[in-house]
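1. build me a model:
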Amino acid sequence: MRNLLFVISGPSGVGKGTLVDRLLERDDRLIESVSCTTRSPRPGEVDGREYFFLSREEFLARMQRGEFLEADEHFGNFYGTPFPFVKEQLKEKSVILEIDVVGGANCKKLFPEKTILILIAPPSKEELCARLVGRDKTTVEAASYRLSRAEYELGQRDSYDYVVVNDDLERATEELLSIIEKEINKD
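-> Residues are numbered from 1 along each chain as shown. Below is the predicted model of the structure:
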């Protein structure tokens with residue numbers, strides 16, 4: 001058995017967070033990485049649980065010191081995976097990183113033998129659009145931007161080790177668990 005980095009990527013609204021939560025509930029060999037962000041906490045979010053909330057200045061200083069496995073800017077805020085945190089977690093468990101395709105590519109470049117890239121795809125563009133527009137507080141403009149970003153992200157599917165279509169939550173969860181089992185037990 002080996003500890004790996006499982007990168008879960010996909011467009012906004014595809015169900016990555018829900019799938020990751022289900023994986024963590026059902027496989028105790030997994031832990032989710034906690035990312036850093038410059039965005040403000042949402043109601044109910046706790047520093048160190050959902051994210052490490054940093055000022056823009058602190059984030060940029062850490063980035064300059066090379067403390068992130070990957071970092072990128074989305075929707076006006078920075079997000080990054082703290083390398084020391086992931087390195088420490090890998091000693092005990094496999095780590096799930098819910099990050100974008102750019103971050104996934106960077107992880108694969110840095111740790112090709114330890115990184116498994118899994119892209120979560122919607123059943124259709126129409127279904128993704130319906131999910132985005134149906135989200136609370138998502139404006140039509142924000143949904144439109146996220147859909148254009150989705151085209152780019154889904155266009156990276158050939159660089160991923162696996163593509164899982166989230167057309168049925170239970171089926172997609174089982175497929176992900178099967179992938180994890182296979183990869184952890186590879187010689």
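
2. all contacts plus neighbour counts: C-alpha atoms, from now on.
-> OK.

3. now stretch 155-167: mean pLDDT?
-> For stretch 155-167, the mean pLDDT works out to 93.

4. and the strands in this protein, which stretches?
-> Chain-ordered strands for the chain, with DSSP state E as the definition, fall at 5-9, 30-32, 35-37, 51-53, 68-74, 77-82, 94-98, 115-121, 162-165.

5. just put those strands in TSV and tack on mean neighbour count.
-> Putting the strands of the chain into TSV (neighbours: other Cα atoms under 10 Å) gives the following:
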stretch	mean neighbour count
strand 5-9	26
strand 30-32	22
strand 35-37	23
strand 51-53	20
strand 68-74	18
strand 77-82	21
strand 94-98	23
strand 115-121	24
strand 162-165	18
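
6. okay, and the helix or strand of the protein with the least pLDDT?
-> Sorting the helices and strands of the chain by mean pLDDT, DSSP states H and E puts helix 125-134 at the bottom, at a mean of 74.

7. tell me the helices and strands packed up against it.
-> Under the contact criterion of 3 or more Cα pairs under 8 Å, 6 or more residues apart in numbering; DSSP states H and E, the helices and strands touching helix 125-134 comprise helix 140-154.

8. and the helix it packs on, how far from the chain's centre?
-> The gap between where helix 140-154 is centred and where its chain is centred comes out at 17 Å by Cα atoms, centre = their mean, to the nearest Å.

9. list the buried residues in it.
-> In terms of neighbour count (16 or more other Cα atoms under 10 Å), helix 140-154 has its buried residues at A143, R146, L147, A150, E153, L154.

10. and stretch 160-173, by the same measure?
-> By neighbour count with 16+ other Cα under 10 Å, stretch 160-173 contains the buried residues Y160, Y162, V163, V164, V165, N166, A172, T173.

11. next, the angle helix 140-154 makes with the least confident helix or strand of the chain.
-> Our comparison of helix 125-134 with helix 140-154, counting by axes from the mean of the first three to the mean of the last three Cα atoms, to 10 degrees, yields an angle of 140 degrees.
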